[in-house]
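Visitor: just coords:
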């Protein structure tokens, strides 16, 4: 038999539906400064600003969970799009794809695009 560790502090109560409840938390000085600044800019109280930030984070988390992805994977995709938009290409290597700058000397596949008559990269 395993015993649960005794919790310190007040017992947690389920919040009443439709009512606003208090939530006590401690944050770093840096987080506090950011909340104060954002609250001033938005015209909200610190508490309202913190609630809006928490709601936004929870929305992002549920969206990422629904998409079955992470912010790191999304950022990686954005990096790849940025490289493509700048004209970078990829070389396939035994270690994975390697991004190379525009004009980098690569072997051509010999494939000729029928629409424009130019050799393709692959």
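Guide: Everything's here; your move. Bear in mind that the values here come from a model prediction, so they are computed numbers and not experimental data.

Visitor: any idea how far residue 34 is from the spatially closest residue to residue 86 that is not a sequence neighbour?
Guide: Distances taken as C-beta to C-beta, 6 or more residues apart in numbering place residue 102 nearest to residue 86, at 7.3 Å, with adjacent residues excluded. Glycine gets a C-beta too; all of them are placed from N, C-alpha and C. Distance, residue 102 to residue 34, by C-beta to C-beta, to the nearest Å: 39 Å.

Visitor: who's in contact with residue 10?
Guide: Applying C-beta atoms under 8 Å, 6 or more residues apart in numbering to residue 10 gives no contacts.

Visitor: that one falls within a strand, correct?
Guide: No. Per DSSP: H, G, I helix; E, B strand; the rest coil, residue 10 lies outside any strand segment and is coil.

Visitor: give me the pLDDT for it.
Guide: Residue 10 carries a pLDDT value of 80.

Visitor: quick check: phi and psi on it?
Guide: Per-residue torsions, residue 10: phi -70, psi 150 (degrees, to the nearest 10).

Visitor: ok, back up a step: how far away is the residue nearest to residue 86 from residue 20?
Guide: Distance from residue 102 to residue 20, by C-beta to C-beta: 56 Å.
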